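Asks: Attaching a predicted model along with its sequence, questions to come.
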Amino acid sequence: MKIGYFCNATNWKNQKSYSEILGEIREIATYCDENDWDSIWFTEHHFSHEGLEICPNPLMISADIAARTKNIRIGQAATIVTFWNPIRVAEDIALLDNLSNGRVEAGIGRGIYGREALNMNPDADTKDQAKNFRLFEETITILKKAWSQQYFNHEGEFYTYPAPNFVWRHDMSPPSSEFMNIETNILEKISIVPRPIQQPHPPLHQVVDSPSSIEWAAKNGINTIMWIPTVQSLKKRFEIYKNARSETEKRNVEMGEGVSLVRDMFIADTMEEAKEKAGEQMVNYMRWVCHWRGLGTHMNPGEELHKTNRKLDLLNYDFLHKRNMLFGTVDYVIEKIEELQSELNLQYLQVWSNFPGVKHDDCMKSIKSFTEKVMPHFHKKNKAEIQQAS
């Protein structure tokens with residue numbers, strides 16, 4: 001099992017300067033790089049004056065971390081590509097792949113917050129999910145073309161490349177039928193520079209939740225990142241992905257292949273201490289997220305919740321902890337990860353500890369405990385499984 005760190009930057013109530021937050025992110029990243037973590041992942045969010053999600057550009061922070069690390073793979077969970085010009089994001093991810101010497105995991109998403117989408121790109125408005133998806137799908141098509149083809153063109157609903165009827169003449173650019181009409185000098189194809197080191201492109205990962213998004217990712221050979229659901233609800237999602245990808249690729253894709261799971265993690269000496277140091281902070285963040293989502297994503301198949309006056313009245317630590325939190329002692333966290341492996345054949349895990357309002361020292365202590373006491377357990381397990389298979 002590969003283990004990564006999900007580094008969702010936060011600054012609850014803006015208690016710290018942004019430079020302090022960057023320093024904390026860098027400390028987490030360099031520690032993980034030096035201690036055999038597989039990957040680190042950065043998010044994209046905008047306009048969060050509340051301080052819940054404060055990284056507007058995961059590619060820029062990824063470039064900063066790439067310069068400070070040597071081995072760890074660097075992912076985005078995710079770059080919200082519907083907010084970006086496709087050519088720009090293709091170039092930036094390709095450049096990052098070169099800066100990091102081929103360590104990029106390209107996470108992509110559609111966006112879930114209306115405040116962000118409407119102001120970043122009106123075509124991405126989340127109120128029109130069908131249009132948002134068409135924009136996303138077309139953007140992915142352009143990215144793949146730009147990364148994998150020396151020269152490419154595209155004509156779609158939202159974008160046309162190159163711009164129609166553009167005449168290209170330059171003494172230092174010899175005419176070529178590879179990218180232009182020799183008779184009219186009209187540009188017919190364009191090329192991005194640089195192209196990524198990883199060919200045909202860095203591994204793609206889509207942040208998903210709905211069955212339709214999971215199935216679409218699988219049919220398009222894109223890995224997935226899931227987060228909140230319970231083990232039993234995840235099982236159905238993992239099966240949708242497995243079945244759709246198996247059918248598309250005409251092979252038996254094993255359960256867990258291509259799926260990365262994010263889990264909120266906080267390790268302390270006792271269960272009570274974990275709750276005391278990070279419990280309310282995690283609940284606060286979920287209140288932020290569930291304002292839009294409600295509690296449905298946290299429910300088991302067939303489960304019905306008690307009716308309450310407000311949709312989040314049931315949201316508290318005890319409600320969350322039993323469903324999806326890796327909060328507690330080393331032994332408890334190991335037990336819950338083993339459950340994920342047993343039930344889902346989990347192969348890729350991302351954990352998050354720097355919740356809004358958690359003290360950085362407490363966060364680092366949790367990460368170090370996970371590194372020193374949890375990861376070795378699964379590394380030994382991986383080696384034993386490899387030896388048994390051989």
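Replies: That came through, no problem. Residues are numbered from 1 along each chain as shown.

Asks: Tell me where the stretch 251-390 of the chain has strands.
Replies: 259-267, 325-328, 348-352 (DSSP state E, counting those that start in this stretch).

Asks: E91 reaches I192, doesn't it?
Replies: Yes: look at E91 against I192 with CB atoms under 8 Å: they come within range, at 5.2 Å. To be clear about C-beta, it is placed using only N, CA and C from the backbone, and glycine gets the same treatment.

Asks: Looking at these two, which is more packed in?
Replies: Taking other CB atoms under 10 Å, E91 and I192 do not tie; I192 has more neighbours (20 against 17).

Asks: Identify the residues contacting that one.
Replies: By CB atoms under 8 Å, 6 or more residues apart in numbering, I192 lies in contact with I87, A90, E91, A94, A146, W147.

Asks: Columns distance to K277, secondary structure and pLDDT on top of those, output as a markdown table?
Replies: A markdown table is the format used below for the contacts of I192 (distance: CB to CB, whole Å; DSSP: H, G, I helix; E, B strand; the rest coil; pLDDT from 0 to 100):
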| residue | distance to K277 | secondary structure | pLDDT |
| --- | --- | --- | --- |
| I87 | 45 | helix | 98 |
| A90 | 42 | helix | 98 |
| E91 | 42 | helix | 98 |
| A94 | 41 | helix | 98 |
| A146 | 45 | helix | 98 |
| W147 | 43 | helix | 98 |
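
Asks: From those, list the buried ones, please.
Replies: Those of these that meet the buried threshold are I87, A90, E91, A94, A146, W147, by 16 or more other CB atoms under 10 Å.

Asks: Using a markdown table, please lay out the residues you listed together with distance to P203.
Replies: Shown next, in a markdown table, are the buried ones among the contacts of I192 (distance: CB to CB, whole Å):
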| residue | distance to P203 |
| --- | --- |
| I87 | 21 |
| A90 | 15 |
| E91 | 18 |
| A94 | 14 |
| A146 | 16 |
| W147 | 12 |
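
Asks: mind giving me the domain ranges of this structure?
Replies: 2-148+199-389, 151-190 (automatic domain parsing).

Asks: got a markdown table for the strands of the stretch 251-390 of the chain, with mean pLDDT, mean neighbour count and distance to S246 too?
Replies: Shown next, in a markdown table, are the strands of the stretch 251-390 of the chain (pLDDT from 0 to 100; neighbours: other CB atoms under 10 Å; distance: least, CB to CB, whole Å):
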| stretch | mean pLDDT | mean neighbour count | distance to S246 |
| --- | --- | --- | --- |
| strand 259-267 | 98 | 25 | 13 |
| strand 325-328 | 98 | 24 | 29 |
| strand 348-352 | 98 | 23 | 18 |
